[in-house]
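# sharing a model prediction with you, sequence too.
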Amino acid sequence: MKRVAIGCAVMLVIFLAVAMISLGVSRSRSGVRANSWVRADLSGEFAEFRPPSILTALNLDESPLLRDVTDALDRAADDDRISGVLVRIDRLEAGWGKTAELRSHLAGYAGSGKPLVCFMETAGEFAPANKEYYLASACPKIVLAPAGDVNLLGLMSSSTFYRGTFDLLGIYPDIEHIGDYKAMKNIYTEKSYTDAHREMTTSILQSVEGTLVAGVAEGRKMTPDAVRALFPRAPFSASEAKEAGLVDSLEYWDQVVAGITPEGEDRPRTVSVTQYLATGRPDSTGSREIAVIYAVGEILRGRSQQDVLSGLTIIGSESLSEWIHAAADNKAVSAIVLRVDSPGGSAMGSDLIWREVERAKEKKPVVVSMSDLAGSGGYYISVPATEIVAQPTTLTASIGVVAGKMEIKGLLNKIGLTEDRILLEPAAGYYDPYERYTPEQKAMQWKSLQRIYADFTERVAKGRNMSVADVDNVGQGRVWTGAQAKEIGLVDHLGGLDTALARAKDLAHLDAEAPVRLHVYPEQKSLWQILHDEDQGVLSPATLKTLSRLQAGIRAVSRVAAAAEEPESRVLSMDAVPDIR
């Protein structure tokens, strides 16, 4: 442990040195000259927020957040110093909800009349192909590298089923669910789609593809039928794409850069999103505040965490409830926006958060803004809100319950392991993975599932002003897109975080044009606070334990391990999220 502590101290010194250099560079580049272009590199994933960490405290994490990009586009539209925006799209890993959010702000900027140029070396490789072109289609000018392709193939989805492997290994998935569409159970218990699973996934694909087609048709000034007629012809070579009207010109990156370079200068006046926002941002002024609380990750009881190895975040019911309570009691905060990007998780954790949202709504408006995903427990914590906003491509609802265990007796027997048990009570072996549920235990399991499903549907009925019967009709574990959810009354508005903020201002009776300051939770912490924070600190016992595991080659926090430690953590989970590509 001493070696680890010394190593951390050395790393800290290095971080501080780099931070000083980084800050100096940032300051020297923070000015924005007249006739500048904002350059937005849209690639990889876009995080919703930065968890408090040593990197953020030292200003070393400059990767733009989703809101950084959207704020920069909004601000650039009205900034006289900005002549245009240059977008470069490559290997986009954002989900369909975040992609729709980015696209709406690109389209909003395009409405300003300023130049908006998109460059792609190739319009989509493999899975992100459709998504990348959907995003690019918001730009009035699309430039493709001469050797590139446009892979506008249309949508598909696939699921991996584990039952065949389990049978070979001697593992029996003793799992039950309420809701024919609760597909999480199917990937473990089936070898292919059930009729309900296939129906749900097909419906989701059709809804998302409808959004894709509408966006491309609007952006490229085509009819929806003309766009759909392109799918069977894909993939398109660069010349074919230009002929089909999918791109405007075929150029290399250096030619695009030369095209925006002022006459008489050898390089363009460009600023990155991070550099641009360093000079100020739209939410930095105003006497009134709106709290933006991020609920990102799987829901478990306890404190929020981030796995330093996988990057996965855990929504801790205790932490999130504290943030909601603090915002509700803060007199400077006029309304709360809860930004949800979660597949769900613990039923108990979800209910604890639900209670805090319900209490907060009694004091001030609460608007939920759904990102890529707000399913099962993620929807459960959303329903008490005053209003719910989702993107048309958000995956949401999944009002259903699933629970069970993996019986591994056959697997252990294959390698010579046996178990003998002594039970003082019949129910003592309920969670024992060596035996399947007895008929009595199965009855206990069904009683628990029915209770949780009844609570879930009653919570939704109350929050959405629906009857329990109507909720059950659209529930049954079925995943809906945001567009579908609005039609059946599960969300109120379609849009992104900006729409949710506008609704929060309206509900709080604030002037729509009045500036407001955003109070973001989790709040960023100073370096000193992080070093002494038991949850986040680099030199805290929790972090030292993580580093020790890292040295030993053991993965730190994982979702599977969390589920094993907390048996109920999966009952409101939507793990079988359709892989739409």
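Perfect, thanks for sending it.

# what separation do you get for the nearest residue to residue 572 once chain neighbours are set aside and residue 350?
Nearest residue to residue 572 in three dimensions, chain neighbours excluded: residue 377, at 3.7 Å (C-beta to C-beta, 6 or more residues apart in numbering). C-betas here are computed from N, CA, C, even on glycine. In this view, residue 377 and residue 350 are 4 Å apart by C-beta to C-beta, to the nearest Å.

# so for the two, which residues contact both of them?
Counting by C-beta atoms under 8 Å, 6 or more residues apart in numbering, the shared contacts of residue 377 and residue 350 are 299, 344, 572.

# looking at residue 377 and residue 350, which is more packed in?
Set residue 377 next to residue 350 and count neighbours by other C-beta atoms under 10 Å: residue 377 wins out with 34 against 31.

# and the more buried one, how far is that from residue 96?
Residue 377 is 20 Å from residue 96, by C-beta to C-beta.

# just residue 270 next, same as before
On the measure of C-beta to C-beta, residue 270 and residue 96 end up 29 Å apart.

# so for those two, which sits in the more crowded spot?
For residue 270 versus residue 96, neighbours defined as other C-beta under 10 Å are more numerous around residue 96 (27 against 17).

# does that one really touch residue 208, like I thought?
Yes: with contact defined as C-beta atoms under 8 Å, residue 96 and residue 208 form a contacting pair (5.9 Å).

# now the common contact residues for those two.
393, 580.

# in the stretch 101-250 of the chain, where is pLDDT below threshold?
The model of the stretch 101-250 of the chain has pLDDT under 70 over residues 126-128.

# all strands in it, in order from the N-terminus.
116-120, 141-144, 149-150, 157-158, 172-178, 236-237, 249-250 (DSSP state E, counting those that start in this stretch).

# do you know which of those lies nearest residue 221?
Nearest to residue 221 among the strands of the stretch 101-250 of the chain is strand 141-144 (12.5 Å), distances taken as C-beta to C-beta.

# need the residues that contact the closest one.
With C-beta under 8 Å, 6+ apart, strand 141-144 has contacts from 115-123, 136, 150, 238, 241-242, 246-251, 256.

# same check, this time on stretch 256-266
35, 37, 83-84, 86, 115, 117, 119, 143, 251, 267-270.

# and those residues, which are buried?
37, 83-84, 86, 115, 117, 119, 143, 251, 268-270 (16 or more other C-beta atoms under 10 Å).

# how about the contacts made by the nearest residue to residue 231 once chain neighbours are set aside?
Nearest non-adjacent residue to residue 231, counting by C-beta to C-beta, 6+ apart: residue 154, 3.9 Å away. Neighbouring residues of residue 154 by C-beta under 8 Å, 6+ apart: 130, 209, 231, 234.

# burial of residue 351, as a residue count?
Neighbours around residue 351, by other C-beta under 10 Å: 20.

# kindly report the same for residue 303.
16.

# per-residue confidence for it?
At residue 303, the pLDDT value in this model is 92.

# phi, psi for it please.
Main-chain torsions, residue 303, degrees, to the nearest 10: phi -90, psi 150.

# quick check: it touching residue 321?
No: using C-beta under 8 Å, residue 303 is not in contact with residue 321, being 10.7 Å away.

# which of the three states applies to residue 50?
coil (DSSP: H, G, I helix; E, B strand; the rest coil).

# low-confidence bits of this protein, can you list those?
1-30, 52-62, 126-128, 282-284, 307-311, 524-570, 575-577.

# how is it divided into domains?
32-153+234-277, 287-401+436-528+557-573 (automatic domain parsing).

# which of these is buried the deepest?
domain 287-401+436-528+557-573 (a mean of 21; mean count of other C-beta atoms under 10 Å).

# now do the same end-to-end measure for that one.
Distance between the two ends of domain 287-401+436-528+557-573: 40 Å, counting by C-alpha to C-alpha, to the nearest Å.

# from here on, count from 39
Noted, 39 is the first residue going forward, which turns the last one into domain 325-439+474-566+595-611.

# isn't there a strand covering residue 374?
Yes: assessed by three-state DSSP, residue 374 belongs to a strand.

# isn't it right up against residue 400?
No: judged on C-beta under 8 Å, residue 374 makes no contact with residue 400 at a distance of 11.8 Å.

# quick check: the closest residue in space to residue 430 that isn't next to it in sequence vs residue 247, distance?
Leaving aside its chain neighbours, residue 430 sits nearest to residue 521 (4.0 Å; criterion: C-beta to C-beta, 6+ apart). Here residue 521 is placed at a distance of 11 Å from residue 247 (C-beta to C-beta).

# again with residue 431
10 Å.

# residue 426 belongs to a strand?
Yes: applying three-state DSSP, one finds residue 426 inside a strand.

# ok, now which ones touch it?
405-406, 408, 420, 528-531.

# make TSV from those and add secondary structure to it.
As requested, those are exported to TSV (three-state DSSP):
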residue	secondary structure
405	strand
406	strand
408	strand
420	coil
528	coil
529	coil
530	coil
531	strand
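
# among those residues, which pair sits farthest apart?
405 and 528 (15.0 Å).

# residue 139 is in contact with residue 107, isn't it?
No: applying C-beta under 8 Å, one finds residue 139 not in contact with residue 107, separated by 9.1 Å.

# pretty sure residue 371 is touching residue 327, no?
Yes: assessed by C-beta under 8 Å, residue 371 is found in contact with residue 327 at 4.8 Å.

# which residues do those two both contact?
With C-beta under 8 Å, 6+ apart, residue 371 and residue 327 have common neighbours residue 557.

# what segments of the stretch 489-619 of the chain are strands?
Under DSSP E, counting those that start in this stretch, the stretch 489-619 of the chain gives strands at 517-519, 531-532, 554-559, 610-611, 617-618.

# quick one: which of these is nearest residue 203?
Counting by C-beta to C-beta, and looking across all of the strands of the stretch 489-619 of the chain, nearest comes strand 617-618 at 18.4 Å.

# tell me what the helix or strand that contains residue 486 is packed against?
When elements are assigned from DSSP states H and E, residue 486 belongs to helix 477-502. Counting contacts by 3 or more C-beta pairs under 8 Å, 6 or more residues apart in numbering; DSSP states H and E, helix 477-502 is packed against strand 210-216, helix 385-399, helix 415-418, strand 439-445, helix 506-512.
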